[in-house]
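Asks: the following comprises the amino acid sequence and a computationally predicted model.
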Amino acid sequence: MGPISAEIEVDVSREEAFALLSDLSVRPSFTDHFLSDFHLTRLDPVGEGAGARFRVNAPFRAPWEDTTIVELEGPHKIVERGRGGRANRIPNHTVWELTSGSGSLTKVRFTHWTEPKFLDGALESASWAAFWQQRRWRQALHRLRHNLEGENASVERIAVAGGNRYATGIP
């Protein structure tokens, strides 16, 4: 499927937007309307190697998908790779690009695509699937803008279960 893309301008610096997007623990704060059951795959949710597994609430598809940040070019680009679909057979790719917009604005561009094979390709290539995903990601970018530009500008973060005990050394 794809690639699908969406973009939005936000009134914050690229560094602020990059910091929020490279932290997977805040991803549910703007994607929970179609992605749920977020689980971090390591204690540190920021930077290369940070990953998450989540459920995509889409019709007619295997729900679980994962993503891992594989490349950071701060404050311009974040590249994620993962797998999804039935038995995690479908590779997926996500790229976040941040560029200077007009004035003090930052343009955030999201691109996502999958590389399905066999029967998975028939289901993923359906035009409704791309339309559904693109619409949800546009909504997510509007929610991201609200998180970044909001007056309190603090977002709820998820954590690894037992992470606090691990970090403090308490058995």
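Replies: Nice, I can see it. The model shown is predicted, which means the values in this text are computed figures rather than measured ones. Residues are numbered from 1 along each chain as shown.

Asks: show me what counts as buried in stretch 135-152.
Replies: 136, 137, 138, 140, 141, 143, 144, 145, 147, 148 (16 or more other CB atoms under 10 Å). C-beta coordinates here come from the backbone N, C-alpha and C atoms, glycine included.

Asks: give me the average confidence score over it.
Replies: Taken as a whole, stretch 135-152 carries a mean pLDDT of 91.

Asks: same check, this time on stretch 93-100
Replies: With pLDDT averaged residue by residue, stretch 93-100 scores 97.

Asks: next, format the buried residues of stretch 135-152 as a markdown table and append distance to residue 108 and secondary structure.
Replies: Below are the buried residues of stretch 135-152 laid out as a markdown table (distance: CB to CB, whole Å; DSSP: H, G, I helix; E, B strand; the rest coil):
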| residue | distance to residue 108 | secondary structure |
| --- | --- | --- |
| 136 | 16 | helix |
| 137 | 11 | helix |
| 138 | 12 | helix |
| 140 | 11 | helix |
| 141 | 6 | helix |
| 143 | 12 | helix |
| 144 | 7 | helix |
| 145 | 8 | helix |
| 147 | 12 | helix |
| 148 | 9 | helix |
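
Asks: would you check which pair of those residues lies furthest apart?
Replies: 136 and 148 (18.7 Å; CB to CB).

Asks: what ranges do the helices span in the protein?
Replies: Using DSSP state H, the helices found in the chain span residues 14-21, 28-31, 118-124, 127-149, 163-168.

Asks: and the pLDDT at the nearest residue to residue 62 once chain neighbours are set aside?
Replies: Closest residue to residue 62 in three dimensions, ignoring its sequence neighbours and counting by CB to CB, 6 or more residues apart in numbering: residue 86, at 4.2 Å. Note on residue 86: pLDDT of 80.
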